[in-house]
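In: Below are the sequence and a predicted model for it; my questions follow.
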Amino acid sequence: MNPLPTYATEAAPRVRQFHLFDGGSGPHVLVFNGSRIYAIGPEVERALASAAGLQDEDLADELLSRFGLEAPEYVGDAPPADPPTRSLSLAIAQKCNLGCT
């Protein structure tokens with residue numbers, strides 16, 4: 001089995017909250033909660049990179065909050081409380097058996 005190429009291991013996220021990357025026009029951060037991408041300045045990049053480099057989840061949460069990059073959880077584990085019925089489908093037979101007269 002071939003090991004992962006170095007670019008794949010180097011590009012792997014270091015913390016569970018975000019991933020830093022250069023978007024071509026400067027530094028950007030992908031915040032996994034909600035799949036949001038932000039263009040960020042150099043000071044924010046340095047702070048987030050330090051948390052990622054240390055693999056410090058608590059510091060990552062604190063920095064996202066400090067820089068206004070946090071949001072309520074978009075997708076949780078709990079099922080919807082009482083979802084409305086939007087459509088109903090009744091399948092009598094999956095395919096025709098040509099038994100009709």
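Out: Sure thing, it's come through. Being a predicted model, the structure only gives us computed values, none of them experimental. Numbering: from 1, shown residues only.
In: pLDDT averaged over stretch 40-56, what's the number?
Out: For stretch 40-56, the mean per-residue pLDDT is 89.
In: Phi and psi next, for residue 98.
Out: Dihedral angles phi and psi of residue 98 (degrees, to the nearest 10) take the values phi 60, psi 30.
In: I meant to write residue 36 there.
Out: Dihedral angles (degrees, to the nearest 10) for residue 36: phi -100, psi 140.
In: That one and residue 30 touch, don't they?
Out: Yes: with contact defined as CB atoms under 8 Å, residue 36 counts as touching residue 30 (7.4 Å). Yep, even glycine has a C-beta here, placed from its N, CA and C like the rest.
In: per-residue pLDDT, the residue positioned nearest the centre of the chain?
Out: The residue lying closest to the centre of the chain (CA atoms, centre = their mean) is residue 32, at 3.0 Å. On the pLDDT scale, residue 32 is placed at 87.
In: Contact partners for it?
Out: Residue 32 makes contact with 13, 16, 17, 18, 19, according to CB atoms under 8 Å, 6 or more residues apart in numbering.
In: Just send these back as TSV, with pLDDT too.
Out: TSV is the format used below for these (pLDDT from 0 to 100):
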residue	pLDDT
13	71
16	78
17	87
18	89
19	87
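In: Which of those residues are buried, as a PyMOL select command?
Out: PyMOL command restricting these to the buried ones, with burial defined by 16 or more other CB atoms under 10 Å:
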select buried, resi 17+18+19
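In: So which of the contacts of residue 32 are in strands?
Out: 18, 19 (DSSP state E).
In: Which of the helices or strands spans residue 37?
Out: Assigned by DSSP states H and E, residue 37 belongs to strand 36-39.
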